[in-house]
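Engineer: return a 3D structure for these sequence lines:
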Amino acid sequence: MSKLEKPPQDYRLRLEKTAKPLMIVDYSFESDAALESMKATSLSSTIQNAKIKTEFDLAQAWSSFARKSLGQRKLAESEIECWNGHYDQLGRVMLELMRMSRDKPEMLGKEEVYEMIPDLEEIIFIAKPGRIEDKMFCRIWFSLIRHPAFLELEIHEKEVVAFQYWQNLFTLALGKTNSELLKQNA
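Structural biologist: Predicted coordinates for the structure are as follows:
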């Protein structure tokens with residue numbers, strides 16, 4: 001950890017009425033007991049491509065994309081480097097977004113929140129991170145975890161609605177991801 005980098009927990013979400021961090025587990029890929037399952041679980045054929053065929057491939061692709069997109073440049077006015085776990089967590093959240101879309105038909109009767117989740121056919125891009133528009137997902141993630149470089153994000157007015165929509169979905173996906181990791185560590 002460099003001198004300028006604060007401990008990773010400083011960038012973790014906080015629950016509204018307490019100072020206890022929401023992300024209380026190590027969420028890098030190395031700490032995941034279900035990693036072999038992710039590597040063995042194939043994606044729906046509608047979103048597979050030549051490089052991304054399993055759940056782990058999808059999560060890893062987004063982690064790598066964020067690392068390339070954000071790691072190569074100084075983050076706004078902040079000298080604080082991102083922690084590797086933050087990149088891995090973005091990958092996990094994007095994977096969970098895919099799972100929520102995939103499972104939407106079965107969940108529609110159980111959870112009202114699934115009505116706002118896009119159908120899997122609408123997010124076929126999720127297995128192809130790399131376009132300039134995909135950087136919005138990285139920006140959403142780092143603003144959501146309250147990284148200092150992303151606290152005062154300037155969002156173009158054409159992006160605001162999409163930014164808020166995906167940020168809401170990220171919050172849902174993050175809750176599901178944390179629940180899964182907490183079960184592993186129980």
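
Engineer: where are the low-confidence patches of this protein?
Structural biologist: For the chain, the stretches with pLDDT under 70 are 1-28, 31-32, 71-83, 185-186.

Engineer: show me where it has its helices.
Structural biologist: Ranges of helices within the chain are 35-40, 55-71, 84-107, 135-144, 160-185, based on DSSP state H.

Engineer: quick one: closest of these to residue 126.
Structural biologist: helix 84-107 (5.2 Å; Cβ to Cβ). C-beta coordinates here come from the backbone N, C-alpha and C atoms, glycine included.

Engineer: next, the angle from that closest one to helix 55-71.
Structural biologist: 130 degrees (axes from the mean of the first three to the mean of the last three Cα atoms, to 10 degrees).

Engineer: right, and residue 174 touches residue 93 too?
Structural biologist: Yes: applying Cβ atoms under 8 Å, one finds residue 174 in contact with residue 93, separated by 5.6 Å.

Engineer: who has more neighbours out of these two?
Structural biologist: Ranked by neighbour count (other Cβ atoms under 10 Å), residue 174 and residue 93 place residue 93 first, with 26 against 23.

Engineer: quick check: closest non-adjacent residue to the more buried one.
Structural biologist: Excluding the flanking residues, the one nearest residue 93 by Cβ to Cβ, 6 or more residues apart in numbering is residue 173, at 4.7 Å.

Engineer: give me the neighbour count for that neighbour.
Structural biologist: Residues lying near residue 173 (other Cβ under 10 Å) number 21.

Engineer: before I go, just wanted to say thanks for your time.
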